[in-house]
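1. Here you go, sequence then predicted model.
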Amino acid sequence: MTDKLSSAQGVLLRRIAGAGDQPFEIAPRARATAVILAGRGLLTGEGDLWTITPEGRTAIGLPLKQGLAEDAAREVSPPVSGRAPKPGTKAATVIEMLGRPDGVTVAQISDATSWLPHSVRGFLAGALKKTHGLAATSEAGEGGRLYRLAGAAS
């Protein structure tokens with residue numbers, strides 16, 4: 001296949017591929033896209049129930065004989081870059097604070113960075129792992145939940 005897929009077509013193919021060999025029920029508004037993909041030999045089905053063909057799996061870069069768990073892991077787990085934050089940034093400040101043996105609270109990080117508590121928690125849950133390749137652990141403490149880098153001394 002030499003034609004490129006639109007983003008909507010790629011998303012639809014990946015969702016249907018996630019169902020494996022079982023028919024996947026699509027939303028009525030996606031029928032036109034499914035019909036186009038079926039005309040190109042990438043899907044089979046009709047109405048709201050569709051399955052992906054081997055050509056469809058190839059079009060989105062999936063091997064022909066791959067399990068569902070491996071498909072999900074490929075799509076959900078982006079590669080971790082593990083890059084260090086630039087010195088003097090708020091991210092560097094947070095990582096330095098997380099390296100303390102006694103841990104740090106969300107309030108302490110919030111005070112040091114001027115971030116709101118939900119932004120601190122978002123950084124701990126997302127960017128810390130995805131961008132910097134680090135993980136934080138937490139435990140209940142007297143002054144609130146304490147966070148520290150995974151593997152740091154307690």
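-> The structure has been received and is ready for your questions.
2. Do a quick rundown of the helices in this structure.
-> Per DSSP state H, the chain carries helices over the ranges 7-18, 31-39, 54-59, 68-76, 90-98, 106-113, 117-122, 128-130.
3. for the longest one, packing partners?
-> Taking 3 or more C-beta pairs under 8 Å, 6 or more residues apart in numbering; DSSP states H and E as contact, the helices and strands that helix 7-18 lies on are strand 24-25, helix 31-39, strand 49-52, helix 54-59, helix 68-76. Every C-beta, even on glycine, is put in place using the N, C-alpha and C of the backbone.
4. partners of the first one in the sheet?
-> Taking DSSP bridges as the criterion, strand 24-25 forms sheet pairs with strand 49-52 (antiparallel).
5. Distance from the chain centre to the partner strand, please.
-> Strand 49-52 has its C-alpha centroid displaced from the chain centroid by 24 Å (C-alpha atoms, centre = their mean, to the nearest Å).
6. hang on, the earlier thing: the helices of the chain: which one's closest to residue 48?
-> Closest to residue 48 of those, according to C-beta to C-beta: helix 31-39, at 7.3 Å.
7. tell me the mean pLDDT over that closest one?
-> Mean pLDDT, helix 31-39: 90.
8. What of stretch 102-115?
-> The pLDDT scores in stretch 102-115 average 94.
9. Any idea which helix or strand in this structure has the lowest mean pLDDT?
-> Scoring the helices and strands of the chain by mean pLDDT, DSSP states H and E places helix 68-76 at the bottom, with a mean of 46.
10. any weak-confidence spans in the protein?
-> For the chain, the stretches flagged by pLDDT under 70 are 1-3, 65-82, 151-154.
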